[in-house]
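Peer 1: structure of the sequence below:
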Amino acid sequence: MAEKLRLLEDKERKKNWKRWGPYLSERQWGTVREDYSPDGNCWEYLSHEESRSRAYRWGEDGLLGICDRQCRLCFSVALWNGKDPILKERLFGLTGPEGNHGEDVKENYYYLDSSPTHSYMKMLYKYPQSEYPYADLVHTNRNRGLHVAEYELEDTGAFNDSKYWDVMVEYAKNDPQDILCKVTVSNRGPETAEIHVLPTLWYRNTWIWGCTHEGCTVKPSITKVNEKKVTCKHQTLDKMEWSFEDVPNQPEPKLLFTENETNTKMLFNIDHYTKYTKDAFHRYIVKGETDAVAASNKGTKVAAHYKLTVPAGESVVLHSRLVESATATNPLQGKTNDDVIKKRILETDDYYKSKFPQVKGECMNILRQACAGLLWSKQFYHYIVNDWLKGDADQVPPPESRLQGRNKDWIHLFNRDVISMPDKWEYPWYASWDLAFHMIPFCKIDPEFAKSQLLLFLREWYMAPSGQIPAYEFAFNDVNPPVHAWSVYRVYKLTAPKGQRDQLFLARCFQKLILNFTWWVNRKDPEGKNVFSGGFLGLDNIGVFDRSKPLPTGGHLEQADGTAWMAFFCVVMLDMALELAMHDASYEDMASKFFEHFIMIVDAMNAAGNGEGLWDEEEGFYYDVLRFRDSSQPLRVRSMVGLIPLYACLVLDGENTHQLPGFKKRTEWFLTNRKDLQSRITFMTEEVSSDGKPSRILLAIPTLAQLKCLLKYLLDENEFLSPYGIRSLSK
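Peer 2: Numbering: from 1, shown residues only. Next comes the predicted model:
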């Protein structure tokens, strides 16, 4: 099967099928990486309004775009409907302070398809034919309260009478370094309309900063060959050629050139070495500044400017090709661009049918689009904290306050990778615990990518020397639930049948996860009592006060969810250690360690009386406890915090533990000699079966009596149970 072969060739590094992909961000402006302000206000430092005129330091963004895995050469589509005040080169949305529910993209776009190697991709963008209501969206949303629905693009009337364009982009790889692009522009309105379409190619600016770290280069070049072709030369990327075609019965496209440089004259009234800047195409097309583009027919940014007139209900197709120069003269083996695209579509169909044979019809369409959402949300992410804090040699020095500000403790962090994002506009930065969940469905469609992502966050240039896993760029020190180990073990099991699983992957992860576990124990158990804090732990606004900030009351907070998550971490590490011990007896000791640590955490949680423990005997629920030197106060708010203890459970298979004599001996000793724990620990042993097979053992946090109390709340429609699932906060 073609796509499986491509995945194998990529894994074995025979062919670099994943070099090019949807790795171009949809929003680079307004990110922490681009923020050099004294107060850390990233939304205001580099805004959407400035983004078209200002070169980015750490990445790029675009519309319907792709780039190579290091974001050196980028391709996207720009649009103008003849009415907008700006050229549409990137998606628009509201900043955190502007939106009545925080940051929010205000566009209609859809990821429709992708193969795992991105040998075929499809995406749709809907562009109004009337003037895009930028000011209306900002003003109306800013003046709405928290309890009012968001004001969306559809609410403005922008799509009334179907007066909009469907802009569909498809990419197909003829070879790893030969990418075909098809842009289909469809007039959905009732009348003939005009649209400007600019397929655009440019280099990320890696030359102007005076930086010396990996990825900084001399200035590349894009040069005209003829009216339909350019060549692209870069210090660390193969020489490439980009060509495009005429459209029948439409004006010939015109090549436009400029530099991917900041318009310092406009923004700061400072002269630059060149007058050709990043915003040149906007100024040329929208403002009519004919001298904005370079007459020399070379630069670091180029576009083919199509001016199309499309009758109502009809479509126009634009074809282009980005290919390594060494093979650019090779024809497509007698095929047209459409032939290659159709072939890749069929191969993608075959791949998904083989992976999900039980899924048919409309359900397969839904699944394909869900997979496309995962695959299109890969993004090149670049952030070197040490260089970011100190600033670049050839730029204005950043304020001294930065050295004591955000992420100052993460100077080891060197991120320059393609990473699965929560969302490439609203969250164009990784969130490590989100990523752990992403990898569960990801491993079904691309197992190697899932494993490589989980390993990546445990490497020395991500994980802190202390063992902490970075959270997200707004605050790498924030604490998320420790689900990385769970994701590792699930991916390990899901990616191969028993007996064929990747033991090396599991062992590599396990070693680093021990460091992360130790970090939790050393940093989040302040009293050494096996009761943990942690902060917000993924439950925004769930507590009486902000659990990530110093307590207004003094003392410290013992968290039911933080402690339960650590018990969960324990049983996952125990399960992993037992699996590894089946092949390497040295892991038996680690299995015993995590078994006993789990018992100690559960004992601490369930201790009742004398102000200890997190279980409230009177109400039959787990609560956070505010702990002072001489007293304590349970915070009796019934929320998801008190249900998380249900997560931490494990069934030990008697047949497996019977093969591990060291672990078996230690557990039997515990059962015999720690009877004092029995009233507070769920350690349920199954009767030995009639055929003599060893019994199974259930480990869990709540005892049977406690479980009944929790389920009474959980299944009560006046408490947690709702028609849509479990409420985060009891009714």
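
Peer 1: so after the helix or strand where Ile419 lies, what's the next helix or strand?
Peer 2: With elements delineated by DSSP states H and E, Ile419 resides in strand 414-420, which encompasses its position. The C-terminal neighbour of strand 414-420 among helices and strands, as given by DSSP H and E, is helix 432-445.

Peer 1: so how far is whichever helix or strand comes after that next one from its chain's centroid?
Peer 2: With elements assigned by DSSP H and E, the helix or strand that comes after helix 432-445 is helix 447-456. Taking Cα atoms, centre = their mean, to the nearest Å, one finds the center of helix 447-456 at 13 Å from the center of the full chain.

Peer 1: which residues are contacting helix 447-456?
Peer 2: Counting by Cβ atoms under 8 Å, 6 or more residues apart in numbering, helix 447-456 makes contact with 7, 10-11, 116, 417, 419-420, 435-436, 438-439, 442-443, 462, 484, 487-488, 491, 494-496, 502, 505, 508-509, all of which sit outside it. Heads up, the C-betas are built off the backbone N, CA and C, glycines and all.

Peer 1: same check on stretch 344-356?
Peer 2: By Cβ under 8 Å, 6+ apart, the residues outside stretch 344-356 that reach it are 1-4, 113-116, 119-120, 172-173, 364, 367-368, 371, 444-445.

Peer 1: narrow those residues to those in strands?
Peer 2: With strands defined by DSSP state E, the entries of the contacts of stretch 344-356 inside them are Asp113, Ser114, Tyr120, Ala172, Lys173.

Peer 1: could you dump these to CSV with neighbour count and pLDDT?
Peer 2: Output for these, formatted as CSV (neighbours: other Cβ atoms under 10 Å; pLDDT from 0 to 100):
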residue, neighbour count, pLDDT
Asp113, 21, 98
Ser114, 27, 98
Tyr120, 25, 98
Ala172, 26, 97
Lys173, 23, 97
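
Peer 1: any of the contacts of helix 447-456 buried? List them.
Peer 2: The neighbour-count criterion (16 or more other Cβ atoms under 10 Å) marks 7, 10, 116, 417, 419-420, 435-436, 438-439, 442-443, 462, 484, 487-488, 491, 495, 502, 505, 508-509 among the contacts of helix 447-456 as buried.

Peer 1: out of the helices and strands in this structure, which is least certain?
Peer 2: Taking all helices and strands of the chain together, the one with the lowest average confidence (mean pLDDT, DSSP states H and E) is strand 682-685, at a mean of 70.

Peer 1: what pairs with that one, parallel or antiparallel?
Peer 2: In its sheet, strand 682-685 lies beside strand 697-700 (antiparallel), with partners assigned from DSSP bridges.

Peer 1: residue contacts, the residue nearest in space to the middle of the chain?
Peer 2: Central residue of the chain (Cα atoms, centre = their mean): Met421, 1.2 Å from the mean position. Applying Cβ under 8 Å, 6+ apart to Met421 gives the contacts Ser377, Lys378, Gln379, Tyr381, Tyr427, Pro428, Trp429, Tyr430.

Peer 1: which residues touch Lys228?
Peer 2: Each residue near Lys228 by Cβ under 8 Å, 6+ apart is listed here: Ser243, Phe244, Glu245, Asp246, Pro253.

Peer 1: ok, back up a step: so how far is Arg27 from the residue nearest to the centre of the chain?
Peer 2: 10 Å (Cβ to Cβ, to the nearest Å).

Peer 1: now the common contact residues for those two.
Peer 2: Common contact partners of Met421 and Arg27 (Cβ under 8 Å, 6+ apart): Pro428.

Peer 1: so where does the closest residue to Ala393 other than its chain neighbours fall, helix or strand?
Peer 2: Leaving aside its chain neighbours, Ala393 sits nearest to Gly210 (3.5 Å; criterion: Cβ to Cβ, 6 or more residues apart in numbering). Counting by DSSP H and E, no helix or strand carries Gly210.

Peer 1: neighbours around Gly210, how many?
Peer 2: 11 (other Cβ atoms under 10 Å).

Peer 1: and for Arg142?
Peer 2: 14.

Peer 1: so it is in contact with Glu98, correct?
Peer 2: Yes - the pair Arg142 / Glu98 is scored as a contact, 5.4 Å apart, by Cβ atoms under 8 Å.

Peer 1: give me the distance between Phe437 and His484.
Peer 2: For Phe437, the distance to His484 equals 10 Å [Cβ to Cβ].

Peer 1: my error: substitute Phe598 in the last question.
Peer 2: 18 Å.

Peer 1: low pLDDT regions in the stretch 401-550 of the chain?
Peer 2: Counting by pLDDT under 70, the stretch 401-550 of the chain has low-confidence residues at 540-541.

Peer 1: which residues in the stretch 251-400 of the chain form helices?
Peer 2: Using DSSP state H, counting those that start in this stretch, the helices found in the stretch 251-400 of the chain span residues 264-268, 280-285, 337-355, 361-376, 385-390.

Peer 1: the last one: how far from the chain's middle?
Peer 2: Pointing back at helix 385-390 there. 23 Å.

Peer 1: what do you get for the first one?
Peer 2: Per Cα atoms, centre = their mean, the displacement of helix 264-268 from the mean C-alpha position of its chain is 33 Å.

Peer 1: buried residues, it. List them.
Peer 2: By neighbour count with 16+ other Cβ under 10 Å, helix 264-268 contains the buried residues Thr264.
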